[in-house]
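In: Let me see the structure of the following:
(chains A and B)
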Amino acid sequence: MTKPHNIRRGVSLYSYQYETFLRKMTLDDCVAHAAGLGARGIEVVSEQSFTGFPDVPEEQIAGWFASLERHGAYAQCHDMFLDVKLYKDRKLNFGEMVASLQRDLRFAKRLGCRNVRVIVNTPPEVVVACVPLAEELDVRMGIEVHSPFHFDHPWILRYTELTRATGSDHVGYVPDMGMYTKNYPPVFRDRFLRLGATSKIVEFILEAHAARVLPDYVLMDVRKLGGNAVDLQMAETLRHNIWSNPRRMLEFMPWIFNIHAKFYEIDDSGREPAIPYEEIIPVLIEGGYDGHLSSEYEGQRHIEDAFEVDGREQVRRQQEMFKRLLGEV
Amino acid sequence: MYDQHIIFPGSVRNAEDGSGWRLGARLPYYRGQILSAVEDVALTVDGDKVPREHVRFTVRGRTFTLEQLETEYVERWEFGEVAEISVLQPGGLAPGSHRVTAAVQLRISYLPWSPVTSCTIDAAV
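Out: Residues are numbered from 1 along each chain as shown, chains lettered A, B, ... in the order given. Sure, this is the predicted structure:
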């Protein structure tokens, strides 16, 4: 029996990117598919789903709302980017970065989103400077806590320190479940093997990941073992696929606005072999998480060289898993 | 990502006015980009590199040199959009099959490097 909870299901349209890129799905098809699974909270990578950003034509916005209404869905989160390298010869200055995030807060409001996923390279001082506007618009800023970052990483500690000092309830976190990569993703392993990785070095890297050896050490060892370029590339992935304990989210739960339920694959048994949702979801329930589990399928880029991508089927499988773990079935 | 989808199928052809040849290209990235982030669109034909200054980039009726792209902060290459990449080469490509590579280099703000994604196809002209 699952304990009572207030966790809603949603989908980031990032999940259907392959199909939308190839024009096999429209924005309306994406919303229809997610809502059809009962995942009614829609998250959108706006620069993927709309054109002309940030000056998206009004008819596209009208189409978005019409689509949400038609399928019984609602806008949940707008994913923003901070193009600090817009200019080749210099980084954006502080004022430009603040203006960029403010633009996104206004855009989220226009889309009907209560949440903005603030990309992790956004300096915390910029987020703090945007708190007054976020409060005025009632749009919350959730900093993406994305592997290789985690809640105890110095960069995230700075966020916590500076944003907490504002006392605002409009700034918090959007953790990406990729930081809970407990097992090395099979889709990564298989692609590196297809690209020409050395099987005994692949085994060595898998063992090192399981033993949580520091990626720098693994890289050194792979070089010593005479690893080829693909072996080294595979060893590099350890840097970005960390395991930290999901229970660490408990302390931050009041400030977690949205969860990026990243996944690389849901296998035929209905489980994500790399990211242990059967461990993660009970933590969210225990902590009283009040927000969405937003499906974020990222396996497409690891299989596209050899297989047909099917974002719909993968999202469907993850949502079935959520229903099971949330006690809906 | 989208490596094998950069060059739009069946899009390699000679310009009707004999000024060169062209292909349709999609941005190998999961969101649209402002053109200033497009650092390079490098083409090779049958192993020969096309000089950068001979390449033109066109979206929605606006044409840029690759150098002009670097300072274009408004116009975008949208997600999944097919841009026209044209090469100034009088006479175009000789009739027959050619091996064409298009490599796109993007300056992604949150990455410390500028990733290059490439696509190679055999095209009949």
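In: switch to C-alpha atoms for all contacts and neighbour counts from now on
Out: Will do.
In: Now the closest residue to chain B within the stretch 101-250 of chain A. Nearest residue, chain neighbours left out?
Out: Using Cα to the nearest Cα, residue A:121 is the residue of the stretch 101-250 of chain A that sits closest to chain B, at 5.9 Å. Leaving aside its chain neighbours, residue A:121 sits nearest to residue B:110 (5.9 Å; criterion: Cα to Cα, 6 or more residues apart in numbering or on different chains).
In: my guess is that neighbour is in a strand, correct?
Out: No. Counting by DSSP: H, G, I helix; E, B strand; the rest coil, residue B:110 is not found in a strand; it is coil.
In: Please give me every residue in contact with it.
Out: Each residue near residue B:110 by Cα atoms under 8 Å, 6 or more residues apart in numbering or on different chains is listed here: A:83, A:84, A:121.
In: quick one: low-confidence ranges for chain B?
Out: Along chain B, no part satisfies pLDDT under 70.
In: Can you name the residues of chain B that neighbour chain A?
Out: B:1-2, B:4, B:30-34, B:36-37, B:70-71, B:73, B:76, B:78-81, B:107-110 (Cα under 8 Å from any Cα of the partner chain).
In: Give me the subset of those lying in strands.
Out: For the residues of chain B next to chain A, the ones inside strands are B:33, B:34, B:76, with DSSP state E as the criterion.
In: Identify the bridge partners of the residue lying closest to residue A:118 once chain neighbours are set aside.
Out: Closest residue in space to residue A:118, ignoring its immediate chain neighbours: residue A:143 at 4.7 Å, by Cα to Cα, 6+ apart. Under DSSP bridges, the beta-bridge partners of residue A:143 are residue A:118, residue A:173.
In: Was I right to think residue A:51 contacts residue B:78?
Out: Yes. Using Cα atoms under 8 Å, residue A:51 is in contact with residue B:78, at 6.4 Å.
In: Between these two, which is the more surrounded one?
Out: A direct count of neighbours by other Cα atoms under 10 Å in any protein chain shown for residue A:51 and residue B:78 places residue B:78 higher, at 26 against 19.
In: thought that one was touching residue B:32?
Out: Yes. Counting by Cα under 8 Å, residue B:78 does reach residue B:32; the two are 4.0 Å apart.
In: separation between residue B:121 and residue B:98?
Out: Residue B:121 sits 8 Å away from residue B:98, taking Cα to Cα, to the nearest Å as the criterion.
In: again, but for residue A:33
Out: Per Cα to Cα, residue A:33 is found 41 Å from residue B:98.
In: And for residue B:64?
Out: 25 Å.
In: tell me which parts of the stretch 1-150 of chain A are close to chain B?
Out: Applying Cα under 8 Å from any Cα, we find that the stretch 1-150 of chain A lies next to chain B at A:14, A:17, A:20-23, A:45, A:47-49, A:51-52, A:82-88, A:121.
In: at 6 Å instead, please
Out: Proximity of the stretch 1-150 of chain A to chain B (Cα under 6 Å from any Cα of the partner chain) is limited to residues A:21, A:47, A:48, A:83, A:84, A:85, A:121.
In: State the helix or strand in which residue A:62 lies.
Out: Per DSSP states H and E, residue A:62 falls inside helix A:58-71.
In: what about the helix or strand following that helix, distance to the chain center?
Out: Sequence order places strand A:74-79 as the next helix or strand after helix A:58-71, per DSSP H and E. Its chain's C-alpha centre and that of strand A:74-79 lie 13 Å apart, by Cα atoms, centre = their mean, to the nearest Å.
In: What segments of chain B are helices?
Out: Listed in chain order, the helices of chain B (DSSP state H) span B:66-69.
In: same question but for the stretch 101-250 of chain A, I mixed them up
Out: All helices of the stretch 101-250 of chain A, identified by DSSP state H, counting those that start in this stretch, fall at A:124-129, A:131-137, A:154-164, A:186-195, A:199-210, A:215-224, A:229-236.
In: Identify the residue of the stretch 201-329 of chain A closest to chain B, quick one.
Out: Residue nearest to chain B within the stretch 201-329 of chain A: residue A:301 (5.5 Å; Cα to the nearest Cα).
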